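Enquirer: here is my input, please return the structure:
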Amino acid sequence: MGDPGGAAPVTSSGTTVRARFRPRSSKEAEVRCVDYQGASQIAFTGPDGGRNTFGFDKIYGEASSQADVFQDLRFVVEAALQGYNGTIMAYGQTGSGKTHTLIGSVSDPAQHGVVPRAISHLAQGIAEAGERDGADFQ
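Expert: Residues are numbered from 1 along each chain as shown. Take a look at the predicted model:
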């Protein structure tokens, strides 16, 4: 399945991998163990000096907002409204920011994560489609 909305890059597998990184700790900033190399590569330098570079379809850097992340993932919700299956998955170590990215702060609308934004977008899309097309959602 490709992206029916045309907003996301289409790969041969139909999967995109995006990474969001939490802000660096003071220790990480001192030793410069993480270097962003453009919008799709990141390099890690280990304690032994070994360096590894990893590529992704997109990287959300330390300054990315909750709105930025959802804006890029919005096509998954829009595809669901058109009847396509979609998955947004968070993976990482404890304390790496999965809950912050997915849920965020429920009390601060600017800090809502992907899930509250997706539910709101789904509800709005269902209401609009029902009014416009007489569509039935289950």
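Enquirer: hmm, Arg32 and Phe44 touching each other?
Expert: No - counting by CB atoms under 8 Å, Phe44 does not reach Arg32; the two are 10.5 Å apart. C-beta here means a position set from N, CA and C on the backbone, and glycine is covered the same way.
Enquirer: who has more neighbours, the two?
Expert: Taking other CB atoms under 10 Å, Phe44 and Arg32 do not tie; Phe44 has more neighbours (12 against 9).
Enquirer: quick one, phi psi at Asp35?
Expert: As for Asp35, its main-chain torsions (degrees, to the nearest 10) stand at phi -130, psi 120.
Enquirer: what distance do you get for it to Arg18?
Expert: Taking CB to CB, to the nearest Å as the measure, Asp35 falls 18 Å from Arg18.
Enquirer: more neighbours, those two?
Expert: Arg18 (15 against 12).
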